[in-house]
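J.: got a structure for you, letters missing:
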């Protein structure tokens, strides 16, 4: 059995005047994440984990922030494109485990919806996607931004 593991990380600054998207879900908050796309750190971390497991570099190589076609794009579109690469390389996603680091807003009420949105985009079951959220107890970047980590396990598909 051919297994591949990938890790991903992303961080963006919180700013006024932007909507906040995490896991493909709009979260009510007074600030959003600054970035070229919708700046969804959770989805970006998953993209990087998948690309890493495939040995295909990182999200910036595939979707550069210098390309106008990615301006304000939904990160779910990017995740869908990465998922196509997973299938093209004849892998299937076994599971996705993630961690969001945010002092605010509180995310427990949104985690189930995020899991469903990510699972649908990756065409896997919701129970194959895990989302954890924690604060940093006021340490590190505090309320200035949100970060996310992701780990994925890929399994090589058999011959068709």
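T.: Structure's in. What do you need? Every value quoted in this text rests on a predicted model; they were computed, and no experiment measured them.
J.: Setting aside sequence neighbours, what's the nearest residue to residue 19?
T.: Nearest non-adjacent residue to residue 19, counting by C-beta to C-beta, 6 or more residues apart in numbering: residue 32, 4.7 Å away. All C-beta atoms are positioned from the backbone trio N, CA, C, and that covers glycine.
J.: Surely residue 134 is in contact with residue 103?
T.: No. Contact status for residue 134 versus residue 103: not in contact, 9.8 Å apart, counting by C-beta atoms under 8 Å.
J.: of those two, who's got more company?
T.: Counted by other C-beta atoms under 10 Å, residue 134 and residue 103 do not tie: residue 103 has more neighbours, with 19 against 11.
J.: tell me the secondary structure for that one?
T.: When states are read from DSSP: H, G, I helix; E, B strand; the rest coil, the local structure at residue 103 comes out as coil.
J.: Just the buried residues of stretch 23-38, please?
T.: 23-25, 27, 29, 31-33, 35-38 (16 or more other C-beta atoms under 10 Å).
J.: for stretch 98-105, that is, sorry about that
T.: Within stretch 98-105, the residues that count as buried by 16+ other C-beta under 10 Å are 98-103, 105.
J.: which residues are in contact with it?
T.: For stretch 98-105, contacts defined as C-beta atoms under 8 Å, 6 or more residues apart in numbering pick out 20, 22, 27-29, 41-42, 45-46, 107, 129-136, 138, 140, 142-143, 146-151.
J.: Of those, which belong to strands?
T.: When DSSP state E defines the strands, the subset of the contacts of stretch 98-105 inside them is 20, 22, 27, 129-134, 146-151.
J.: out of those, which are buried?
T.: Buried members of the ones in strands among the contacts of stretch 98-105, scored by 16+ other C-beta under 10 Å, are 20, 22, 27, 129-131, 133, 146-151.
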